[in-house]
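Trainee: Provide a 3D model corresponding to the input given below.
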Amino acid sequence: MATTRYSALTERVAGRGAGAWSIQQEALKLRAAGADVIALTIGDPDQPPPELLIEATVTALRAHHTGYARLIGTPALRETIAARHAARTGQNCAADNVVVVPGAQGGLYCAMQCLAGPGDEVVVLEPTYATYEAVIGASGAKMVTVPLVPERGFHPDLDALAAAITPRTRVVWINSPHNPTGAVFTAGEIAAIAELCRLHDLWLLSDEVYEDLAFARPHVSPWSLPGMAERTVVVSSLSKSHAAPGFRCGWIIGPPALQGHLFNLLLCMTYGSPGFIQEGALAALQNDLAEIVALREDYRRRAAAMSALLAEAPNCRVVPPEGGMFVLLDCRGTGLGSEEFALALLERELVAVLPCDGFGPSGAGHLRIALCAPDARLEEAGRRIVRFAQALRQRRDNNPPPNLLRASMNRLRKFVDGPAEPGLSEQSDAALKLSLL
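Mentor: Sure thing, here's the model as predicted:
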C-alpha cells in the first residue's frame with residue numbers, strides 16, 4: 001500500500017464548515033431520483049442577472065476577447081470599482097486600491113493569505129459563513145471567535161470583541177449584512193470596531209458581498225471612516241447584488257501596497273480573470289441599474305413573507321433578517337438539533353434548509369433558509385415547514401421525540417440508492433419510498 005501523504009493544508013481547509021453542505025448533497029440526490037425537493041440551502045439567486053451584464057459579456061465573447069487579461073484586472077474595471085466605492089463611502093479610492101479576483105470567496109482567500117500567517121490570530125464574529133474557518137486555516141493563522149448571540153439580535157458585543165484581542169491578533173474580520181443571521185451592523189458598531197483596530201494597529205477585513213441587500217438600515221463600510229482606508233480591506237462581488245454568482249467576478253479594495261502582494265499571489269494562482277467577464281462587469285458597474293434595486297426589494301418582501309409564515313411554526317422562533325437573502329429559524333424548542341430537524345424535514349416534507357451548527361456554536365439549533373426561489377415555491381416551503389413543526393409538536397405531546405437523525409439518513413439513502421435494508425421486504429421498501437414523496 002502506498003504511503004504517500006498529503007500536506008497539512010488539506011487538514012486545515014477541512015474545517016467544521018465543510019460539513020455544513022451535507023443536506024444540500026442529500027437534497028440533490030433526492031431531486032435526481034425524481035423527488036419534488038424545494039432546495040433552500042445555498043444563496044444562489046433565482047432571479048436573472050441584469051440584461052446589460054449578459055449582453056456586454058456576450059458581445060466581448062463574440063469579439064474574441066478570450067485571451068489573457070490584465071492580471072489584477074483591467075484598468076477600466078478597477079477605475080469603475082474605485083469610483084463606485086468612493087461615491088458610496090465618501091472617501092478616496094483609486095484604481096491602485098483595487099484588485100479583481102474570482103469572486104468574493106477567492107477575494108477573501110487571497111486577502112487572508114496576505115494579511116495573516118502562522119502564529120497570528122484572526123478575530124471573527126460567529127456564527128460565521130461556513131468557509132471562513134478554512135480560509136483562516138489555509139493561511140496558518142488561528143481563528144478566534146466572538147459570539148453573536150440571539151439575545152442581542154446577533155449584533156456584536158463590543159466588550160467581548162475587545163477582550164478577544166491579544167498581542168497575537170493581526171486581523172479583525174467582519175461581515176455586514178451578516179451571513180447567516182441577516183444582522184446589519186449599525187454605524188456605531190462599525191465605528192467602535194474600527195476604533196479597536198486603530199487602537200491595536202490591526203487590519204480590518206470587511207466582507208461586504210451583501211452590501212446592496214441591506215434593508216433595515218443603510219450598509220456602512222469601515223472604509224468610510226476617517227483614517228481607516230490604510231488598514232481596511234474590503235471584499236465584494238457581483239454574485240449577490242447582480243444575481244451573477246456564476247460569473248465569479250469579485251474584487252478586493254485595500255491600501256496600494258496590498259495590490260503588489262496580490263499581484264504576486266494571483267500570478268501563481270489564477271493568472272487573472274477572464275477578460276470577457278470583466279467587460280460585462282464593467283458595463284454593469286458603470287450604470288445604476290433598476291434591477292439592483294428590484295433585487296433588494298425582492299429579498300425584503302420575501303423575508304417579510306417567510307417570517308410571517310414561519311411565525312406559525314410551533315416551538316420555533318423566526319429571526320427576521322435586517323438584510324441579505326436568508327431567514328433564520330430557531331428550532332431548539334422542538335427538542336431536535338438543527339441537523340436532526342433539517343434531515344427529518346427533508347425526509348418528511350422534501351424541503352432542504354441549512355443547519356447552522358457548522359457556522360459556529362452561536363448558530364447551534366438554528367436553520368438558515370435561503371430566499372432563493374420563486375415566491376410560490378417559497379410560500380409552499382414555508383407551509384411545509386410549519387406543517388412539519390406542527391407534526392413534531394403533536395408527536396412530542398403523545399410521546400417523547402425519538403432520535404430521528406440516523407433513521408432519517410438511512411431512509412434518505414435507501415430512497416436514493418434503491419436496495420432495501422436487511423430485514424425489510426420489497427413491499428415495505430416500496431411503501432417507504434412512497435412515504436418520502
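Trainee: Every contact and neighbour count from this point should use C-alpha atoms.
Mentor: Will do.
Trainee: any low-confidence regions in the protein?
Mentor: In the predicted model, the chain carries pLDDT under 70 at residues 1-2, 15-20, 399-437.
Trainee: rerun at 50
Mentor: Within the chain, the stretches with pLDDT under 50 are 415-416, 419-437.
Trainee: biggest helix in it, by residue count?
Mentor: helix 375-398 (DSSP state H).
Trainee: ok, and for that helix, which residues are buried?
Mentor: Within helix 375-398, the residues that count as buried by 16 or more other Cα atoms under 10 Å are 378-379, 381-390, 392-393.
Trainee: before we move on, what about stretch 208-217?
Mentor: 208-216.
Trainee: residues in contact with the longest helix of the chain?
Mentor: 38, 302, 305-306, 309-310, 312-316, 334, 345, 348-349, 351, 371, 401 (Cα atoms under 8 Å, 6 or more residues apart in numbering).
Trainee: next one: stretch 308-324
Mentor: Residues contacting stretch 308-324 (Cα under 8 Å, 6+ apart): 177-179, 181-184, 210, 213-217, 299-300, 303-304, 307, 327-334, 379, 382-383, 385-387, 389-390, 393.
Trainee: among those, which are in helices?
Mentor: Using DSSP H, these in helices are 299-300, 303-304, 307, 379, 382-383, 385-387, 389-390, 393.
Trainee: where exactly do the strands run in the stretch 251-400 of the chain?
Mentor: 317-319, 326-330, 351-352, 354-355, 366-370 (DSSP state E, counting those that start in this stretch).
Trainee: want to throw these into a markdown table with mean neighbour count and distance to G117?
Mentor: A markdown table is the format used below for the strands of the stretch 251-400 of the chain (neighbours: other Cα atoms under 10 Å; distance: least, Cα to Cα, whole Å):
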| stretch | mean neighbour count | distance to G117 |
| --- | --- | --- |
| strand 317-319 | 20 | 36 |
| strand 326-330 | 26 | 32 |
| strand 351-352 | 26 | 37 |
| strand 354-355 | 28 | 30 |
| strand 366-370 | 28 | 31 |
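Trainee: Using a markdown table, lay out these together with distance to P75.
Mentor: Conversion of the strands of the stretch 251-400 of the chain to a markdown table gives the following (distance: least, Cα to Cα, whole Å):
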| stretch | distance to P75 |
| --- | --- |
| strand 317-319 | 42 |
| strand 326-330 | 35 |
| strand 351-352 | 42 |
| strand 354-355 | 39 |
| strand 366-370 | 35 |
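Trainee: Between those strands, which one is closest to A14.
Mentor: strand 354-355 (17.6 Å; Cα to Cα).
Trainee: Mind giving me the packing neighbours of that closest one?
Mentor: helix 338-349, strand 366-370 (3 or more Cα pairs under 8 Å, 6 or more residues apart in numbering; DSSP states H and E).
Trainee: quick check: domain ranges of this protein?
Mentor: Following automatic domain parsing, one gets these domains for the chain: 9-47+291-436, 51-285.
Trainee: Output the longest helix of the chain as CSV, restricted to C-alpha atoms.
Mentor: What follows is helix 375-398, C-alpha atoms only, in CSV (Å, rounded to 0.1, in the frame of the first residue of the first chain):
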residue,chain,number,x,y,z
ASP,A,375,-42.5,33.3,-4.5
ALA,A,376,-44.9,30.4,-4.9
ARG,A,377,-42.2,27.9,-4.1
LEU,A,378,-41.1,29.9,-1.0
GLU,A,379,-44.7,30.0,0.2
GLU,A,380,-45.1,26.3,-0.3
ALA,A,381,-41.8,25.6,1.5
GLY,A,382,-42.9,27.8,4.4
ARG,A,383,-46.2,25.9,4.7
ARG,A,384,-44.4,22.6,4.7
ILE,A,385,-42.0,23.7,7.4
VAL,A,386,-44.9,24.8,9.6
ARG,A,387,-46.7,21.5,8.9
PHE,A,388,-43.6,19.6,9.9
ALA,A,389,-43.3,21.6,13.1
GLN,A,390,-46.9,21.0,13.9
ALA,A,391,-46.4,17.3,13.4
LEU,A,392,-43.4,17.4,15.7
ARG,A,393,-45.5,19.1,18.4
GLN,A,394,-48.2,16.6,18.1
ARG,A,395,-45.8,13.7,18.3
ARG,A,396,-44.0,15.2,21.3
ASP,A,397,-47.3,15.7,23.1
ASN,A,398,-48.0,12.0,22.6
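Trainee: now that helix, how far from the centre of its chain.
Mentor: Centroid separation for helix 375-398 versus its chain: 25 Å, with Cα atoms, centre = their mean, to the nearest Å.
Trainee: Can you check what angle separates it from helix 338-349?
Mentor: 110 degrees (axes from the mean of the first three to the mean of the last three Cα atoms, to 10 degrees).
Trainee: and the angle from helix 375-398 to strand 366-370?
Mentor: 160 degrees.
Trainee: Can you tell me the closest non-neighbouring residue to T57?
Mentor: Counting by Cα to Cα, 6 or more residues apart in numbering, G280 is the residue found nearest to T57 once chain neighbours are left out, at 4.2 Å.
Trainee: just the buried residues of helix 375-398 now: which is nearest E79?
Mentor: L378 (39.1 Å).
Trainee: gap between that closest one and P180?
Mentor: To P180, L378 is 18 Å away according to Cα to Cα, to the nearest Å.
Trainee: can you check R217 too?
Mentor: 17 Å.
Trainee: ok, now A76?
Mentor: From A76 to P180 the distance is 34 Å (Cα to Cα).
Trainee: the more surrounded of those two?
Mentor: Neighbour count, other Cα atoms under 10 Å: between A76 and P180, P180 has more, with 28 against 14.
Trainee: so that one touches A130, yeah?
Mentor: No: if you go by Cα atoms under 8 Å, P180 and A130 don't touch, sitting 9.0 Å apart.
Trainee: E291 - how many residues pack around it?
Mentor: 17.
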